[in-house]
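[1] got a sequence here, can you model it:
(one chain, ligands or ions: 2)
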Amino acid sequence: MAGIFKRVYDWLLRLFWATEMDITMIGLQNAGKTSLLRVLAGGEFTLDSIPTVGFNMKRVQKGHVTLKCWDLGGQPRFRSMWERYCRGVNAIVFIVDSADTDALPVARDELHMLLEKPVLEGIPLLVLGNKSDLDEKLSVDELIDSLDLKSISHREVSCYGISAKEETNLDAVLQWLVARASK
Ligand SMILES: Nc1nc2c(ncn2[C@@H]2O[C@H](COP(=O)(O)OP(=O)(O)OP(=O)(O)O)[C@@H](O)[C@H]2O)c(=O)[nH]1
Ligand SMILES: [Mg+2]
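    Ligands and ions are numbered 1, 2, ... in the order given. Coordinates of the predicted model:
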């Protein structure tokens with residue numbers, strides 16, 4: 001019975017208070033952006049995910065909020081597009097493979113270079129250390145240090161550990177994003 005009330009309540013919220021927000025997901029190749037988006041959108045996790053060429057877009061529904069998620073290719077040849085797709089969005093999600101310590105210095109440099117662009121000033125940033133299911137993963141504190149997140153100013157910054165594979169902490173990700181819908 002409670003389930004029916006919840007569905008009717010969500011439907012009324014959507015009807016009278018529908019909100020759409022833009023989210024851009026960036027990060028180096030193989031971080032797990034496309035895998036995360038696929039799982040958030042209700043799809044299955046696959047180990048043989050194909051590298052993104054250009055970008056991919058999916059809508060994710062969370063209550064009355066529709067998250068329009070732009071998932072960009074992370075290979076070097078696509079990184080020059082990141083800035084364009086980050087302009088004017090409600091939040092930027094930067095994803096790293098938390099078990100790939102060799103890639104972190106490059107990820108840090110790419111992130112800081114992007115955030116220096118004046119046009120992106122103030123846009124909230126959510127950093128996700130993906131693949132927390134792997135033994136070699138770094139902790140959130142280690143990620144904050146490796147990516148030098150404490151030096152970032154003039155914007156909100158949060159960092160979570162997640163696993164797209166095991167669907168760990170994904171609800172916290174959606175809640176964080178939805179809370180930035182009207183900002
Ligand atoms: N163990 C584990 N593997 C993951 C996880 N998320 C993604 N992967 C794997 O990591 C690889 C890369 O995933 P993608 O989602 O294609 O990575 P991407 O960031 O979209 O890569 P580009 O599109 O090239 O930028 C795939 O083999 C995925 O199966 C995770 O949470 N845990
Ligand atoms: Mg991809």
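[2] is it true that residue 20 lies in a strand?
    Yes: membership of residue 20 in a strand is supported by DSSP: H, G, I helix; E, B strand; the rest coil.
[3] quick one, what contacts the closest residue to it other than its chain neighbours?
    In space, and not counting its chain neighbours, residue 20 is closest to residue 66: 4.5 Å by C-beta to C-beta, 6 or more residues apart in numbering. All C-beta spots, glycine's among them, are computed from the backbone N, C-alpha and C. Taking C-beta atoms under 8 Å, 6 or more residues apart in numbering, we find residue 66 in contact with 18-21, 59-60.
[4] identify the farthest-apart pair in the residues you listed.
    18 and 60 (14.0 Å; C-beta to C-beta).
[5] more crowded one of the two?
    Neighbours per residue, other C-beta atoms under 10 Å: of residue 18 and residue 60, the larger number sits with residue 60, 18 against 11.
[6] ranges for the strands of the chain?
    Using DSSP state E, the strands found in the chain span residues 19-26, 55-62, 65-72, 91-97, 125-130, 157-161.
[7] run through who's touching the first one.
    Where contact means C-beta under 8 Å, 6+ apart, the residues beyond strand 19-26 that reach it are 33, 36-37, 64-72, 74, 82, 85-86, 88-95, 114, 177-178, 180-182.
[8] does ligand 2 sit close to that strand?
    No: remark: strand 19-26 sits outside contact range of ligand 2, by C-beta under 5 Å from the ion, the gap being at least 8.6 Å.
[9] now that strand - C-alpha only, PDB.
    Backbone C-alpha positions of strand 19-26 (Å, rounded to 0.1, in the frame of the first residue of the first chain) are rendered in PDB as follows:
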ATOM      1  CA  THR A  19      13.000  19.700 -13.000                       C
ATOM      2  CA  GLU A  20      15.700  18.900 -15.500                       C
ATOM      3  CA  MET A  21      19.400  19.300 -14.800                       C
ATOM      4  CA  ASP A  22      22.500  19.000 -16.800                       C
ATOM      5  CA  ILE A  23      25.400  16.900 -15.500                       C
ATOM      6  CA  THR A  24      28.700  16.400 -17.300                       C
ATOM      7  CA  MET A  25      30.800  13.300 -16.600                       C
ATOM      8  CA  ILE A  26      34.500  13.500 -17.400                       C
END
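[10] tell me the pLDDT of the residue lying closest to residue 146 once chain neighbours are set aside.
    Closest residue to residue 146 apart from its sequence neighbours, by C-beta to C-beta, 6+ apart: residue 104 at 4.5 Å. On the pLDDT scale, residue 104 is placed at 98.
[11] pLDDT on stretch 85-99, on average?
    Here the average pLDDT along stretch 85-99 is 98.
[12] can you give me the end-to-end span of it?
    Start and end residues of stretch 85-99 are separated by 27 Å (C-alpha to C-alpha, to the nearest Å).
[13] among the contacts of residue 66, which one lies nearest to residue 152?
    Comparing those against residue 152 with C-beta to C-beta places residue 21 closest, at 21.3 Å.
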